[in-house]
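Enquirer: Fold the following for me, if possible:
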Amino acid sequence: MTRLVKPTAKEVGAPPGTLVHVGERKTDRTRIRVLDYDEEGYREEEVETPADCAPFAEHATVTWVDVEGLHEVERLRELGDVFGLHPLVLEDVLDTGQRPKMEDYDGYVYIVARVFTYADGLEAEQVGIIILPHMVITFREGGHDVFEPVRARIRGAKGRMRSLGVDFLAYALLDAVVDSYFTVLEAMGDKIEEVEEELLRDPSQSNLHGIHALKREAAVLRKSVWPLRDVMNGLMSRGAEWLAPSNAFYIRDLYDHTIGVAETIETYRDLLAGMLDIYLSSVSNRMNEVMKVLTVIATVFIPLTFLAGVYGMNFKFMPELQSPWGYPAVWAVMLAAAGAMLHYFWRKKWL
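Expert: Numbers count the residues shown, from 1 in each chain. Okay, the predicted model is just below:
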């Protein structure tokens, strides 16, 4: 299950910029792939060392450096030295529990976002995006590659991908991140409908566990989406240095999508809160039905117990005990009393 707050492996009191990988190791090794392209064509390769990325920075083409796997700290330190990245940026890249944010540095913009997948439950992965004048550097933990559709568009020269600059590449990467939320929300919506149908049909303890798990997942999504909205807003207001005016409309559209995701999450949270109320009401109604049946049974047997107690007393002189019709008469009185009470309950619609 995705945790709301991830534990930190960084030593308390360590100086700022200390590079320590915090998070799960999801790949065997750190891979660095470079995709360099322009309108005429593209070049894609996996480099052995971070220093091999340096020549691409001198080209007028758009270059995308994708780093998969964050556990090899020294390789990321070398990459930071090649491109002059601030130690605090590398520290945030290695700490996979960061909240989504955007930070302006000297000559580049650093963005943190979270990508989610949904199978048996919610799985999260942090991605970092650095936007340079002619280059974008992405950092991924590994596992699910949310950026593969963007690579396919570059390889196939689909749409306007290869004819536009680095700002459109950054937009496409962020759009892939936001699109992953829609996929997760669709899967969560199906799960919510399934739990709701079971809840209305036959409420059980497993439904309660399912509701609480979904509420927790919705809280994790909300914690990531609302800061991402601020990131998009910051890109529109502070991205004038790297964002072409013609591409500002795409960022605005991305901001609208982020708002839509946030509103859907809030809707899901309201639905789950209502489902929890339905479960508690169903359990309470079931308990009331049980108590009603037990109360009717107890009420019917109260006069019968009284009669049995009276004639069970050990007095020597009790006229009814000497009568040959005493035993059938007592049974008749008891059955009549029980029948009268059941008829009365039925007339009152208590049965």
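
Enquirer: Only C-alpha atoms from now on, for both contacts and neighbour counts.
Expert: Fine.

Enquirer: From the chain's centre, how far out is the lowest-mean-pLDDT helix or strand in the chain? Work that out for me.
Expert: The helix or strand of the chain with the lowest confidence, counting by mean pLDDT, DSSP states H and E, is helix 319-322 at a mean of 74. When distances are taken as CA atoms, centre = their mean, to the nearest Å, helix 319-322 is centred 77 Å away from the chain's centroid.

Enquirer: same for it, what does it pack against?
Expert: For helix 319-322, there is no helix or strand it packs on, judged by 3 or more CA pairs under 8 Å, 6 or more residues apart in numbering; DSSP states H and E.

Enquirer: Give me the residues contacting it.
Expert: 326-327 (CA atoms under 8 Å, 6 or more residues apart in numbering).

Enquirer: how about the strands in the stretch 101-250 of the chain?
Expert: Along the stretch 101-250 of the chain, the segments classed as strands by DSSP state E, counting those that start in this stretch run 101-105, 108-118, 122-131, 135-140.

Enquirer: Could you export these as a markdown table, including mean pLDDT, distance to residue 31 and mean neighbour count?
Expert: Shown next, in a markdown table, are the strands of the stretch 101-250 of the chain (pLDDT from 0 to 100; distance: least, CA to CA, whole Å; neighbours: other CA atoms under 10 Å):
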| stretch | mean pLDDT | distance to residue 31 | mean neighbour count |
| --- | --- | --- | --- |
| strand 101-105 | 89 | 25 | 16 |
| strand 108-118 | 90 | 19 | 21 |
| strand 122-131 | 90 | 15 | 22 |
| strand 135-140 | 92 | 10 | 24 |
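
Enquirer: Tabulate those strands (TSV), appending distance to residue 62.
Expert: What follows is the strands of the stretch 101-250 of the chain, written out as TSV (distance: least, CA to CA, whole Å):
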stretch	distance to residue 62
strand 101-105	20
strand 108-118	15
strand 122-131	11
strand 135-140	6
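
Enquirer: Which among the ones you listed is found nearest to residue 57?
Expert: With respect to residue 57, and counting by CA to CA, the nearest of those is strand 135-140 at 7.0 Å.

Enquirer: Restricting to C-alpha, output the closest one in PDB.
Expert: Provided in PDB are the C-alpha atoms of strand 135-140 (Å, rounded to 0.1, in the frame of the first residue of the first chain):
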ATOM      1  CA  MET A 135      17.700  20.000 -23.400                       C
ATOM      2  CA  VAL A 136      15.300  18.200 -21.000                       C
ATOM      3  CA  ILE A 137      16.600  15.800 -18.400                       C
ATOM      4  CA  THR A 138      14.200  13.400 -16.700                       C
ATOM      5  CA  PHE A 139      14.800  11.200 -13.700                       C
ATOM      6  CA  ARG A 140      12.700   8.100 -13.100                       C
END
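
Enquirer: What is it packed up against?
Expert: When contacts are defined as 3+ CA pairs under 8 Å, 6+ apart, strand 135-140 sits against strand 62-68, strand 122-131, helix 166-201.

Enquirer: which strands and helices sit next to the shortest one?
Expert: With contacts defined as 3+ CA pairs under 8 Å, 6+ apart, the secondary structure elements packing on strand 62-68 are strand 31-37, strand 135-140.

Enquirer: For residue 151, which of those is the nearest?
Expert: With CA to CA as the criterion, residue 151 lies closest to strand 31-37 of these, at 8.3 Å.

Enquirer: And the closest one, how far out from the chain middle?
Expert: In terms of CA atoms, centre = their mean, the centre of strand 31-37 is found 31 Å from the chain centre.

Enquirer: In the sheet, which strands lie alongside that strand, parallel or antiparallel?
Expert: If you go by DSSP bridges, strand 31-37 pairs up with strand 42-47 (antiparallel), strand 62-68 (antiparallel).

Enquirer: how close does residue 280 sit to residue 205?
Expert: Separation of residue 280 from residue 205 (CA to CA, to the nearest Å): 11 Å.

Enquirer: Compare these two (neighbour count), which wins?
Expert: The neighbour comparison of residue 280 against residue 205 (other CA atoms under 10 Å) goes to residue 280, with 14 against 10.

Enquirer: Now do that one against residue 211, distance only.
Expert: In terms of CA to CA, residue 280 sits 12 Å off from residue 211.
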